[in-house]
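**Q** Dropping the sequence and predicted coords here.
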Amino acid sequence: MSEGKGAEIRRRTGYKKIIDTCRQAQKDGLDWVWVNTCCVDKRAQIPELSEAINSMCKWYANAKLCYTFLHDTIWESWPRKGSKLTPKRFSRGWTLQELIAPKVVYFFDRKWECIGDKAELARILSDIWC
């Protein structure tokens, strides 16, 4: 790979997500990470769609902990009751299984600062979903 192409890749937000995930995992004493960077194709046939969703659910359920990166959010703008500032993550690409299946989910803003975990944020998450 050329030096220019490598530099371009390192500027991408997806690359930063992977690097910051690995840094956080090191801080949390984890040896391995898995970064979900793709979405399930909802146009797939029912059996394939069901298999993909069930497989993802197992990955989340078996994880020691999960990180959710909210690329369009900073802590100060985190949604409050009645707020119109809901992160895009909650309107597309997000499935309820990603919130329910893992035992622990930490939410990070675009600066990779921890907003809180799903237990701490349960009331806000409920307001967003309901």
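**A** Structure received. In this text, all values refer to a predicted model and were calculated from it rather than measured experimentally.
**Q** Is the residue most central in space within the chain in a helix, a strand, or coil?
**A** What sits nearest the mean C-alpha location of the chain, by CA atoms, centre = their mean, is T68, with 2.8 Å. Assigned by DSSP: H, G, I helix; E, B strand; the rest coil, the conformation of T68 is strand.
**Q** Next, count neighbours for G6.
**A** G6 has 9 neighbours, counted by other CB atoms under 10 Å. The way it works is simple: take the backbone N, C-alpha and C, and place the C-beta from them, glycine included.
**Q** for the one 5 residues further on, same thing?
**A** Other residues lying near R11 total 8 when counted by other CB under 10 Å.
**Q** could you measure it against S55, distance?
**A** Counting by CB to CB, to the nearest Å, the gap from R11 to S55 is 32 Å.
**Q** now swap in S2 and tell me
**A** S2 is 36 Å from S55, by CB to CB.
**Q** Enumerate the positions of stretch 96-114 that are buried.
**A** For stretch 96-114, the neighbour count (16 or more other CB atoms under 10 Å) marks 97-99, 101-102, 105-110, 112 as buried.
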